[in-house]
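Undergrad: Model the structure of this input:
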Amino acid sequence: MPVALSRRKLFEAAGAALVGAALVSRTSDAPASARETSKNETVVRTWYKLWGGSRDWSPFDAILADDFTFSSTNGEDHISKAEFKRQCWDPNINVTKGIDLELVMTKGDEVFVKYLGHTTGGKTFRNVELHRVRSGRIASIECYFGGKATFPSAVESRTD
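TA: Coordinates of the predicted model:
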């Protein structure tokens, strides 16, 4: 059965579609090629693999830019690589068993990730992070914690 649309509704729908298309097609000031985007995603995926395997700082250090900064909702505001190691990596590396990537979206030099982390104590936590990659290294991470703003968060099991 055909659906009748008034001209007004048709124009409203067309206008919404144009706005949506404009937002989706917006590009950053420095667009990246598909190859650069793929390389940036690979760098970030490597970062998460390290959390499930390496207990040595050197591979983490190598993947982070010298001027790396970390920010989170936990009070860290553009802390340096050395402070990140002291405040975040040192206390958490031995309690992190692994990380399952649930969503990875890449646009130019930005890689957005949603993940489910697993602790050595059998708990889980879910966070989202925005990575900025520059010259094959992670220049910054902004972390938004799931559940309560501590590590590990209150998320105890998958709901999917």
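
Undergrad: which stretches of the chain have low pLDDT?
TA: 1-37, 147-160 (pLDDT under 70).

Undergrad: for the chain, what spans make up the strands?
TA: Ranges of strands in the chain, per DSSP state E, are 64-72, 79-80, 96-107, 110-119, 124-134, 137-145.

Undergrad: Report the beta-bridge partners for E142.
TA: E142 forms beta bridges with S71, L130, as assigned by DSSP bridges.

Undergrad: how near is the nearest residue to S38 once chain neighbours are set aside to R45?
TA: With sequence-adjacent residues excluded and distances taken as C-beta to C-beta, 6 or more residues apart in numbering, S38 is closest to T106, at 7.8 Å. In short, each C-beta sits where N, CA and C put it, glycine included. T106 is 10 Å from R45, where distance means C-beta to C-beta, to the nearest Å.

Undergrad: now swap in F145 and tell me
TA: 21 Å.

Undergrad: follow-up on the earlier one: mind checking the strands of the chain for the one nearest to G53?
TA: strand 96-107 (8.0 Å; C-beta to C-beta).

Undergrad: Which strands and helices lie in contact with the closest one?
TA: helix 34-51, strand 110-119 (3 or more C-beta pairs under 8 Å, 6 or more residues apart in numbering; DSSP states H and E).

Undergrad: Which residues does it contact?
TA: Strand 96-107 is contacted from outside by 28, 32, 37-38, 40-41, 44-45, 48, 51-53, 111-120, 126, using C-beta atoms under 8 Å, 6 or more residues apart in numbering.

Undergrad: Nothing else from me, thank you.
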